[in-house]
Structures are given as C-alpha cells and as structure tokens.
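Q: turn this into a structure:
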Amino acid sequence: CPDSDCSTAGICGALAEEEDAVVNQAPKIELVGPIKVAVDQGNPYKKCSAEAPVSAVCDRGSTAADKEDGSLTSRVLACSPDGIKFKFQNKGVEGCDIDTNI
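A: Numbers count the residues shown, from 1 in each chain. Coordinates of the predicted model:
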C-alpha cells in the first residue's frame with residue numbers, strides 16, 4: 001500500500017480485528033455461613049431451615065457463580081459416604097455423614 005498502512009486480505013488500510021480470547025474462568029464458591037462452626041458432641045449438623053435464627057448451629061449452604069454462566073448455586077455438589085453426590089442446596093453437608101460423637 002502506498003501510504004504504508006497494513007493490508008488485510010489484500011485490502012489497503014484494512015486492519016484485522018483481533019478476537020478477544022474467551023477464557024473460561026473457574027467459578028467462585030462461597031459459604032453462606034461462617035467458615036468454622038462449633039457443633040456440640042453428639043448433636044447432628046444439618047441443613048438450616050428457612051426459619052433458622054442467625055445463632056443456630058446448622059449448615060447455611062453456599063453460593064457459586066462464574067462470569068460465563070452466572071449463578072451455579074443449584075449445581076454445587078456435596079459428598080456422601082457411599083460416593084453418590086447430591087445437590088448441596090438440597091441437603092447441605094447432612095448427607096456427608098459427619099460424626100459428631102467423636
């Protein structure tokens with residue numbers, strides 16, 4: 001090209017637009033309740049009910065989201081002793097068979 005502009009596909013002055021690389025970022029998972037919970041020995045650790053007061057010792061769940069998919073909270077899986085995973089929002093860690101008798 002006579003004016004020293006770059007050419008794209010043989011067209012003078014046309015600049016190729018770079019496509020932004022799409023990077024799938026890991027989701028951010030956050031606990032809704034405190035990081036640590038003191039459960040009295042022998043008492044079960046269960047999912048909080050909707051009416052549970054803030055002072056209740058129970059599993060308040062988690063939230064998850066990422067930039068590409070938005071909310072993933074309904075897709076967070078929790079453990080179970082037999083290896084079957086279940087949706088965390090349905091049971092919390094109640095199915096993880098946490099032994100509070102130790």
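Q: where in the chain is pLDDT low?
A: In the predicted model of the chain, residues 1-22, 80-83 satisfy pLDDT under 70.
Q: so how far is the helix or strand where I29 lies off the chain centroid?
A: In the assignment (DSSP states H and E), I29 maps to strand 28-31. Relative to its chain's centre, strand 28-31 lies at 5 Å (Cα atoms, centre = their mean, to the nearest Å).
Q: just the CA coordinates of that strand, formatted as PDB?
A: Extracted as PDB, the C-alpha positions of strand 28-31 are listed here (Å, rounded to 0.1, in the frame of the first residue of the first chain):
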ATOM      1  CA  LYS A  28     -16.300 -18.600  42.800                       C
ATOM      2  CA  ILE A  29     -17.800 -20.700  45.600                       C
ATOM      3  CA  GLU A  30     -18.600 -19.000  48.900                       C
ATOM      4  CA  LEU A  31     -20.000 -20.300  52.100                       C
END
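Q: report the central residue of this protein.
A: Compute the mean C-alpha point of the chain, and by Cα atoms, centre = their mean the closest residue is A64, 2.7 Å away.
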